[in-house]
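[1] need a structure here:
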Amino acid sequence: MIFKALFWSAVVLVLMPNEPDLGFGRPAAAPSAIAGPLDSFRDFVQGEAVRVRAEIVASEKARGAQGGALSTLLGRI
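    From the prediction side, this is the model:
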C-alpha cells in the first residue's frame with residue numbers, strides 16, 4: 001500500500017508542470033516602473049512599523065511597566 005502511494009506520488013510529481021504559463025510573464029521580470037513604487041511603499045510601511053514599536057516600548061517604560069504584554073509580544077518579533 002505504501003509503495004503504491006509512493007509510486008503515484010512520483011508519477012504526479014514527474015508529470016506536474018513546474019510553473020503554469022498563464023501569459024503574465026515571469027514574476028521576476030517586473031518592470032522598474034512598478035517595482036520602484038512598490039519598494040518605496042514597503043520601505044515606508046516597515047519604517048512606520050519600527051517607529052510605532054519604538055513608541056509603544058517608550059510609552060511602557062515611561063509608565064513604569066516592566067515586561068508589559070506589548071513589550072513582551074514585540075520582543076519576540
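
[2] Now do F3 against F44, distance only.
    As judged by C-beta to C-beta, to the nearest Å, F3 and F44 stand 54 Å apart. C-beta: built from backbone N, CA, C; applies to glycine.

[3] Just want to know which of those two has more residues nearby.
    The residue with more neighbours, out of F3 and F44, is F44; 10 against 7, by other C-beta atoms under 10 Å.

[4] Could you name the specific helix or strand carrying that one?
    Per DSSP states H and E, F44 falls inside helix 32-63.

[5] Name the residues of that helix that are buried.
    Under the neighbour-count criterion of 16 or more other C-beta atoms under 10 Å, helix 32-63 has 57, 60 buried.

[6] What's the mean pLDDT across it?
    Average pLDDT, helix 32-63: 83.

[7] mind checking the SS state of N18?
    coil (DSSP: H, G, I helix; E, B strand; the rest coil).

[8] burial count for it?
    So N18, with other C-beta under 10 Å, has 4 neighbours.

[9] Just the pLDDT for it.
    71.

[10] ok, now which ones touch it?
    For N18, no residue counts as a contact, taking C-beta atoms under 8 Å, 6 or more residues apart in numbering as the criterion.

[11] and the gap between it and F24?
    In this view, N18 and F24 are 16 Å apart by C-beta to C-beta.

[12] same question, V45
    For V45, the distance to F24 equals 25 Å [C-beta to C-beta].

[13] And R63, by the same measure?
    Distance from R63 to F24, by C-beta to C-beta: 51 Å.

[14] Also V11?
    29 Å.

[15] now do M16
    Taking C-beta to C-beta as the measure, M16 falls 19 Å from F24.

[16] Then E48?
    Distance, E48 to F24, by C-beta to C-beta: 31 Å.

[17] repeat for R51
    Look at R51 and F24: by C-beta to C-beta, they are 36 Å apart.
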